[in-house]
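Colleague: Quick one: sequence and predicted model below, then my questions.
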Amino acid sequence: ETGVTQTPRHLVMGMTNKKSLKCEQHLGHNAMYWYKQSAKKPLELMFVYNFKEQTENNSVPSRFSPECPNSSHLFLHLHTLQPEDSALYLCASSQAASDLYEQYFGPGTRLTVT
Amino acid sequence: AQSVTQLGSHVSVSEGALVLLRCNYSSSVPPYLFWYVQYPNQGLQLLLKYTSAATLVKGINGFEAEFKKSETSFHLTKPSAHMSDAAEYFCAGGADGLTFGKGTHLIIQP
């Protein structure tokens, strides 16, 4: 595997379900990110991890819970979601959490909440 | 706060014509600027980046962008559009946190 991978690619879940999104980067990077991409809205940064430590949480509801066990893996745990949470969730990584470094994106998980 | 504005949510050009996608930024400090492309059902792919080394930046797939401080712009161009260029393009900038523009959907007409 190369680059940034995300699983699953598609997920349909009910509002009472609990599921997790997984992201893995094979680039030797130290920073990882979760973004939400909704139709007709800019890319929204959700969480930033730098050297496994969460450095940013952009006022994301607690029904989204990130986990970064090491610099290569990032999870997004989901529970009691709302239909408006349906979106494409993108994971990215970079050399460090600095604007100087470009971010490399995974293919995304298309989430549908029913 | 840093902001990035992309003018035009949709741009349509004929195959072989010049592509021009506009991006303006607002920042009190010199920014780092990026252009990304997103094909359907895929993540974002870096096209090019500006980090103050040179004002004209060349990227992949024949794209380039010029940083103009006086105009606070970082427009993306390609001399001759190809059908495979049809995609969503995002400008992003950071000086104190990376911000993405809303994106421009590029349509290529045969």
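Modeller: Good, I have the coordinates. Nothing here was measured: the structure is a model prediction, and the numbers come from that model.
Colleague: Excluding residues flanking it in the chain, which one is nearest the residue of chain A found nearest chain B?
Modeller: Residue of chain A nearest chain B, by Cβ to the nearest Cβ: A:Asp99 (2.8 Å). (Each C-beta comes from the backbone N, C-alpha and C, glycine too.) Excluding the flanking residues, the one nearest A:Asp99 by Cβ to Cβ, 6 or more residues apart in numbering or on different chains is B:Gly94, at 2.8 Å.
Colleague: Any idea what the one you found is bridged to?
Modeller: B:Tyr32, B:Leu98 (DSSP bridges).
Colleague: Contact residues of chain A facing chain B?
Modeller: A:4, A:6, A:40-43, A:45, A:56, A:90, A:92, A:99-100, A:102-108, A:110 (Cβ under 8 Å from any Cβ of the partner chain).
Colleague: just checking, B:Thr55 touches B:Lys68?
Modeller: Yes. B:Thr55 lies in contact with B:Lys68 (Cβ atoms under 8 Å); the separation is 7.3 Å.
Colleague: Poorly predicted segments of chain A, please.
Modeller: Flagging of chain A using pLDDT under 70 yields the residue ranges A:1.
Colleague: In it, which residue is most central in space?
Modeller: By Cα atoms, centre = their mean, the mean C-alpha position of chain A lies nearest to A:Trp34, the distance being 2.9 Å.
Colleague: Does that one touch A:Ser93 like I think?
Modeller: No. The pair A:Trp34 / A:Ser93 is not scored as a contact, 10.9 Å apart, by Cβ under 8 Å.
Colleague: coming back round to it: just the buried ones from the residues of chain A next to chain B?
Modeller: Those of those that meet the buried threshold are A:4, A:6, A:42-43, A:45, A:90, A:92, A:99, A:102-108, A:110, by 16 or more other Cβ atoms under 10 Å in any protein chain shown.
Colleague: And those, which two are furthest apart?
Modeller: Spanning the widest gap among these are A:Asp99 and A:Arg110, at 28.0 Å by Cβ to Cβ.
Colleague: How about the contacts made by B:Gly94?
Modeller: A:Asp99, A:Leu100, B:Gln2, B:Pro31, B:Tyr32 (Cβ atoms under 8 Å, 6 or more residues apart in numbering or on different chains).
Colleague: Dump those into a markdown table; add distance to A:Ser86 as well.
Modeller: Shown next, in a markdown table, are the contacts of B:Gly94 (distance: Cβ to Cβ, whole Å):
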| residue | distance to A:Ser86 |
| --- | --- |
| A:Asp99 | 30 |
| A:Leu100 | 34 |
| B:Gln2 | 28 |
| B:Pro31 | 32 |
| B:Tyr32 | 32 |
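Colleague: rewinding a little: is it true that the residue of chain A closest to chain B touches B:Leu98?
Modeller: Yes. Here A:Asp99 lies in contact with B:Leu98, judged by Cβ under 8 Å, at a distance of 5.4 Å.
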